[in-house]
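S.K.: I would like the atomic coordinates for the input below:
(one chain, ligands or ions: 1)
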Amino acid sequence: MTNDGDVHHAASAMRRGLVALRRAGRQWLHGAASRMRGVLALRADAREASGRLAVPAGNAILRDGTVVQVRAVRPDDTEKLRVAFERLSARSVYRRFLHPVKALSPEVLRRITDLDFHDRVGLVMTVGVGAGERLVAEARFVRDAPDSERAEFAIVVADDYQNRGAATLLLQELVAIARSRGIRELCAHVLEDNTDMLDVIRRSGLPSTQSREDGVVRIVSRIGRTSPGR
Ligand SMILES: CC(C)(COP(=O)(O)OP(=O)(O)OC[C@H]1O[C@@H](n2cnc3c(N)ncnc32)[C@H](O)[C@@H]1OP(=O)(O)O)[C@@H](O)C(=O)NCCC(=O)NCCS
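M.R.: Numbers count the residues shown, from 1 in each chain. Now for the predicted structure:
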């Protein structure tokens, strides 16, 4: 598949995934992130321990009216991520990892939460607060190599939160963050029968190319600001 259409079209197409938004702070980030403020509120005071500018954090409302929060993955999310994984259907696990996975090992959990928000970025979508907080979706990208302009991304949404626009929103956020960090291409490996994910990427309007191998579609989406094809 090759979609022609520029990234501005892509951004507006992805915006349709949300019904509304709530602003979550009084100060707003500028630059690439500010272009997305119609979608997700950003808190300027949010910074990672590393000192790097944190990813956006804020509230949003999904298509069915559910209020969710989107924030950066934190090191102390390990247990909540484990619980979220355990709730996933075998089908969703298979589609996310492209093979069966029984449980997330401590090593995998450590890697998922070990992020520098430059080469490795992770977002969670949550509902509830404090001890009642539940992670209902996770999205991440990892650069192919340190400072590379290409990164691989993946998204998983809890089965009972699917089809509400969560992945559409998270992909939009990943794209905004990746752009702000100089990434020009986002790549995904999707099972060829995973029409849900293929549709999410297609609907994003990002100019993309696909290749297939052993039942897996590799999609490379250009997210840079230059014209598609350059
Ligand atoms: C693939 C996956 C991430 C999609 O997540 P999701 O939150 O359900 O996706 P969205 O809700 O944003 O979009 C999917 C549905 O919403 C619909 N939708 C999304 N945005 C829409 C919009 N703006 N207007 C109308 N419909 C819309 C889509 O048509 C689709 O519905 P359909 O399949 O009935 O046609 C999720 O199914 C999942 O976690 N699967 C298991 C893991 C996985 O496959 N990950 C991908 C590996 S990279």
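
S.K.: local confidence estimate at Met14?
M.R.: Looking at Met14, its pLDDT is 36.

S.K.: oh sorry, the question was meant for Gly224
M.R.: Note on Gly224: pLDDT of 83.

S.K.: before we move on, what about Ala57?
M.R.: If you check Ala57, the pLDDT there is 79.

S.K.: what secondary structure does the closest residue to it other than its chain neighbours sit in?
M.R.: With Cβ to Cβ, 6 or more residues apart in numbering as the criterion, Ala57 has its nearest non-adjacent residue at 4.2 Å, and that residue is Arg71. Every residue, glycine included, has its C-beta placed from N, CA and C. With DSSP: H, G, I helix; E, B strand; the rest coil as the basis, the three-state label of Arg71 is strand.

S.K.: interface residues of the chain facing the ligand?
M.R.: For the chain, the residues in contact with the ligand (Cβ under 6 Å from any ligand atom) are 16-17, 92, 95-96, 154-157, 162-168, 188, 190, 194, 196-197, 199-200, 203.

S.K.: make a ChimeraX selection of the buried ones in those residues.
M.R.: Burial among the residues of the chain next to the ligand is assessed by 16 or more other Cβ atoms under 10 Å; the matching ChimeraX selection reads:
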select :17,92,95,96,154,155,156,157,162,164,165,166,167,168,188,190,194,197,200,203
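
S.K.: list the beta-bridge partners for the residue nearest to Ala57.
M.R.: Beta-bridge partners for Arg71, by DSSP bridges, are Val124.

S.K.: list the contacts of it.
M.R.: Arg71 makes contact with 55, 57-58, 123-124, 126, according to Cβ atoms under 8 Å, 6 or more residues apart in numbering.

S.K.: and which of those residues is nearest to Arg82?
M.R.: Nearest to Arg82 among the contacts of Arg71: Val124, at 12.8 Å, using Cβ to Cβ.

S.K.: pLDDT at that closest one, what is it?
M.R.: Value for Val124, per-residue pLDDT: 96.

S.K.: for stretch 186-201, give me every contacting residue.
M.R.: Residues contacting stretch 186-201 (Cβ under 8 Å, 6+ apart): 94-95, 98, 141, 150-155, 162-163, 167-168, 171, 174-175, 178, 206, 208, 212, 215-221, 223.

S.K.: in the protein, which helix or strand is least confident?
M.R.: strand 20-22 (a mean of 31; mean pLDDT, DSSP states H and E).

S.K.: what helices or strands is the helix or strand following that strand leaning on?
M.R.: Going down the chain from strand 20-22, the next helix or strand is strand 58-61, by DSSP states H and E. Judged by 3 or more Cβ pairs under 8 Å, 6 or more residues apart in numbering; DSSP states H and E, the packing partners of strand 58-61 are strand 20-22, strand 67-72.

S.K.: strand 58-61: partners in the sheet, and parallel or antiparallel?
M.R.: Short version: by DSSP bridges, strand 58-61 pairs with strand 20-22 (antiparallel), strand 67-72 (antiparallel).

S.K.: what comes up buried for the longest one?
M.R.: If you call a residue buried by 16+ other Cβ under 10 Å, then strand 67-72 has these buried ones: 68-72.

S.K.: give the pairing partners of the strand or helix carrying Arg218; include direction for each.
M.R.: Per DSSP H and E: Arg218 is located in strand 216-222. Here strand 216-222 is paired, per DSSP bridges, with strand 185-191 (antiparallel), strand 208-213 (antiparallel).
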